[in-house]
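Enquirer: What would the 3D arrangement of this be:
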Amino acid sequence: MAYMTSQERRRSRRIRIGQPLKIRPSDPKDKHFDDSNVTKNVSRDGIYFVTKISLYYEGMRLFVVVPFHTPRETQDREYLGQVARVEPLGEGQWGIAVQFLSDWKPQ
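Expert: Numbering: from 1, shown residues only. Below you'll find the predicted structure:
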């Protein structure tokens, strides 16, 4: 049986870029939080960022606004996403990989 690496499973190339984003849970059963953050990398299918919020879990559904500006700008878009991976990075930080469930249309 052949195993695919995470790199092979990716359908699109990742680009290292720091874009501002805002994340909040989409399920009312999850504890509410607003996480204003910056991406570490992005692809057409998802994003990866580092956070100090420990409430994320695999399978969690999120509303993600990327890029995010205050006040909101016309290029700011909200997407539905799902946490694909949570990585403990130490020192109270977590790496969060989010797969977009709605279409990702960069401007």
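
Enquirer: Hmm, Q19 is touching K40, no?
Expert: No - contact criterion CB atoms under 8 Å: Q19 and K40 do not qualify, at 9.7 Å. C-beta coordinates here come from the backbone N, C-alpha and C atoms, glycine included.

Enquirer: what about G92, neighbour count?
Expert: By other CB atoms under 10 Å, the residues close to G92 number 10.

Enquirer: swap in S36?
Expert: 12.

Enquirer: helix/strand/coil for it?
Expert: strand (DSSP: H, G, I helix; E, B strand; the rest coil).

Enquirer: Now the closest residue to it other than its chain neighbours: which helix or strand?
Expert: Leaving aside its chain neighbours, S36 sits nearest to K22 (5.3 Å; criterion: CB to CB, 6 or more residues apart in numbering). For K22, the host element (DSSP states H and E) is strand 20-25.

Enquirer: got the buried residues for that strand?
Expert: 21-23, 25 (16 or more other CB atoms under 10 Å).

Enquirer: I'd like to know which elements that strand is packed against.
Expert: strand 35-42, strand 61-66 (3 or more CB pairs under 8 Å, 6 or more residues apart in numbering; DSSP states H and E).

Enquirer: Check which residues of the longest one are buried.
Expert: Of all the residues in strand 35-42, those buried under the rule 16+ other CB under 10 Å are 35, 37, 39-42.

Enquirer: The lengthiest strand in the chain - which strands sit beside it in the sheet, and in what orientation?
Expert: For the chain, the strand with the greatest residue count under DSSP state E is strand 77-90. Sheet pairing of strand 77-90 (DSSP bridges) gives strand 61-66 (antiparallel), strand 93-100 (antiparallel).
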